[in-house]
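Chemist: Okay, here's the prediction I keep looking at, along with the sequence it came from:
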Amino acid sequence: MENLRVLELYSGIGGMHYALTESGVTAKVVAAVDVNTTANEIYKHNFPNTPLLPKTIEGMTLDDFNKLAFDMILMSPPCQPFTRIGLQGDISDPRTKSFLYILDLLPRLIKLPRFILLENVKGFEMSSARDSLVKTLKECGYNYQELMVSPTCLGMPNSRLRYFMIAKAPPGSFSFHTTSEIQEGFPQPADKVLLEPSSPISPSPTSTAYQEEDHKEDEGGILYKLERAQDAERKSTQNRDQSLRQISVYLEDQGEGEMEQYLLPTKTLLRYALLMDIVRPTCRRSVCFTKGYGHYVEGTGSVLQSCMETDMEAAFKSPERLSDEEKLNQLSRLKLRYFSPREIANLMGFPKHFTVPKNISTKQQYRVLGNSLNVHVVARLIELLVS
């Protein structure tokens with residue numbers, strides 16, 4: 001295949017660009033577009049030769065798009081209008097404006113891009129924005145497939161379930177059987193589907209894929225750490241899953257002193273210890289890291305138990321009977337710490353040569369990583385899209 005010209009919209013810190021490189025597809029990013037100054041600084045640091053346009057997408061005219069003569073669009077529009085914890089403003093949210101602008105321009109381009117890949121959060125599949133996307137693709141004659149994929153499908157010990165749309169312009173077709181249903185996981189080759197049908201999922205919170213990050217139980221007593229028996233068993237089952245690698249594979253081999261900066265503050269330990277998702281290096285699971293990691297505690301990502309010699313259940317034993325000092329003494333033995341930004345980048349598939357300018361703070365790094373994507377997952381989808 002000839003050298004594809006790729007337009008990277010909402011380019012962030014370059015996750016799509018790294019995925020494109022990893023996919024092995026012969027391609028060149030002709031332009032990256034984003035308005036986030038921190039993300040742009042990191043992107044330029046890692047891809048100094050790629051034209052980076054620090055402007056709004058709505059600020060680009062139809063002529064600007066046509067001049068780029070791109071064959072592929074990679075994009076990850078703002079997820080805030082569709083997140084479960086947000087207001088779910090959908091198309092009424094101003095942050096969706098640029099995406100709707102893209103859908104308006106697409107049919108009017110001189111040449112339709114041959115390939116489109118979109119990534120967004122779980123929840124996008126139930127939005128009006130998604131309906132507009134599907135309507136536009138159908139009108140333009142694209143073959144497309146919607147998917148819900150998590151890095152766990154590739155043996156990575158991190159739950160980051162995301163919605164993906166991959167689309168091919170006519171007369172292109174996929175090497176796998178497509179369906180109007182949202183597919184869970186990577187699609188199987190067409191010749192394999194006849195023997196092993198892939199399992200479609202509908203936008204329902206009861207599906208397996210949804211349970212990965214939205215698991216709630218109605219029965220069972222509360223254990224230590226405000227955890228139900230079913231939750232503890234689920235985590236134990238995940239940790240026994242040999243198809244997933246241990247977290248230790250993704251940790252940085254640094255001295256204990258260097259990691260002390262990531263230890264949880266005393267105030268955080270006392271107030272939020274019972275709510276944290278705690279993992280050990282030997283675990284094969286961790287929850288999704290969000291942009292609030294390191295600032296907020298509940299639901300923003302797992303924390304790591306650094307001291308393996310301390311029993312976690314013993315550290316959380318009868319906290320209501322202890323004074324703050326005694327409680328802190330018990331919890332401190334676990335040496336709970338945040339994952340470093342580099343470790344989160346590892347869990348998200350960023351290559352070792354991905355680096356961040358020294359002036360970017362840890363908090364800023366957590367924010368842009370939380371807004372990014374899993375590089376290995378997208379690389380695999382680009383392969384499927386172009387093959």
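Modeler: All right, it came through fine. Fair warning: this is a prediction, and the values are worked out from it, not measured in the lab. Numbering: from 1, shown residues only.
Chemist: So N66 sits against I110, correct?
Modeler: Yes. Under the criterion of Cβ atoms under 8 Å, N66 makes contact with I110 at 4.9 Å. Glycine gets a C-beta too; all of them are placed from N, C-alpha and C.
Chemist: Please identify which of those two sits among more neighbours.
Modeler: Ranked by neighbour count (other Cβ atoms under 10 Å), N66 and I110 place N66 first, with 14 against 10.
Chemist: For that one, give its distance to V6.
Modeler: From N66 over to V6 the distance is 16 Å, taken as Cβ to Cβ, to the nearest Å.
Chemist: for T300, same thing?
Modeler: Counting by Cβ to Cβ, the gap from T300 to V6 is 32 Å.
Chemist: cool, L328 as well?
Modeler: Going from L328 to V6 by Cβ to Cβ gives 52 Å.
Chemist: Counting neighbours, go ahead and name the busier of these two.
Modeler: Neighbour count, other Cβ under 10 Å: between L328 and V6, V6 has more, with 26 against 16.
Chemist: now the one helix or strand L137 maps to: how far from the chain's centre is it?
Modeler: According to DSSP states H and E, L137 maps onto helix 128-139. Here the centre of helix 128-139 is set off from its chain's centre by 22 Å, with Cα atoms, centre = their mean, to the nearest Å.
Chemist: need the next SSE after it, C-terminal direction.
Modeler: Next along from helix 128-139, by DSSP H and E: strand 143-149.
Chemist: in the next helix or strand after that following strand, what's buried?
Modeler: Using DSSP H and E, the helix or strand that follows strand 143-149 in sequence is strand 162-168. Across strand 162-168, burial judged by 16 or more other Cβ atoms under 10 Å covers R162, Y163, F164, M165, I166, A167, K168.
Chemist: same deal with stretch 106-124?
Modeler: Judged by neighbour count using 16+ other Cβ under 10 Å, the buried positions of stretch 106-124 are 106, 113-124.
Chemist: So which of the residues you listed are in strands?
Modeler: When the buried residues of stretch 106-124 are checked against strands (DSSP state E), the matches are F115, I116, L117, L118, E119, N120, V121.
Chemist: what bridges to the fourth one?
Modeler: Just to be clear, that refers to L118. In this entry, L118 is beta-bridged to M75, M165, by DSSP bridges.
Chemist: Quick one: mean pLDDT over the host helix or strand of K97.
Modeler: K97 is part of helix 97-105 when elements are defined by DSSP H and E. Average pLDDT, helix 97-105: 94.
Chemist: tell me what that helix is packed against?
Modeler: When contacts are defined as 3 or more Cβ pairs under 8 Å, 6 or more residues apart in numbering; DSSP states H and E, helix 97-105 sits against helix 128-139.
Chemist: Now do the helix it packs on: which elements does it pack against?
Modeler: helix 97-105, strand 143-149, strand 162-168.
Chemist: starting at the chain centroid, how far to the last one?
Modeler: Averaging C-alpha coordinates over strand 162-168 and over its chain gives two centres that are 14 Å apart (Cα atoms, centre = their mean).
Chemist: Over to the longest one?
Modeler: On the basis of Cα atoms, centre = their mean, helix 97-105 is displaced by 23 Å from the centre of the chain it belongs to.
Chemist: now the second one
Modeler: Centroid displacement of strand 143-149 relative to its chain, using Cα atoms, centre = their mean, is 16 Å.
Chemist: I would like the residues contacting it, please.
Modeler: Residues outside strand 143-149 that contact it (Cβ atoms under 8 Å, 6 or more residues apart in numbering): 116, 122, 125, 134, 137, 161-168, 170, 172-174, 176, 178-179, 181-187, 201, 209, 377, 381.
Chemist: Same check on the longest one?
Modeler: With Cβ under 8 Å, 6+ apart as the contact definition, helix 97-105 has outside contacts at 9-10, 56-58, 62, 65, 73, 75, 77-78, 91, 129, 132-133, 136.
Chemist: tell me which residues of that helix are tucked away?
Modeler: Neighbour-count burial for helix 97-105 flags S98, F99, L100, I102, L103, L105 (criterion: 16+ other Cβ under 10 Å).
Chemist: Mind exporting the C-alpha coordinates of that helix to CSV?
Modeler: C-alpha atoms of helix 97-105 as CSV (Å, rounded to 0.1, in the frame of the first residue of the first chain):
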residue,chain,number,x,y,z
LYS,A,97,-19.4,21.4,18.4
SER,A,98,-16.1,20.6,16.7
PHE,A,99,-17.1,17.0,16.2
LEU,A,100,-20.5,18.0,14.6
TYR,A,101,-18.5,20.4,12.4
ILE,A,102,-16.4,17.5,11.2
LEU,A,103,-19.5,15.5,10.3
ASP,A,104,-20.9,18.4,8.4
LEU,A,105,-17.7,18.8,6.4
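Chemist: could you give the angle of that helix to strand 115-121?
Modeler: Angle of helix 97-105 versus strand 115-121, following axes from the mean of the first three to the mean of the last three Cα atoms, to 10 degrees, is 150 degrees.
Chemist: And the second one, by the same measure?
Modeler: Computed with the same axes, to 10 degrees, the direction of strand 143-149 lies at 30 degrees from that of strand 115-121.
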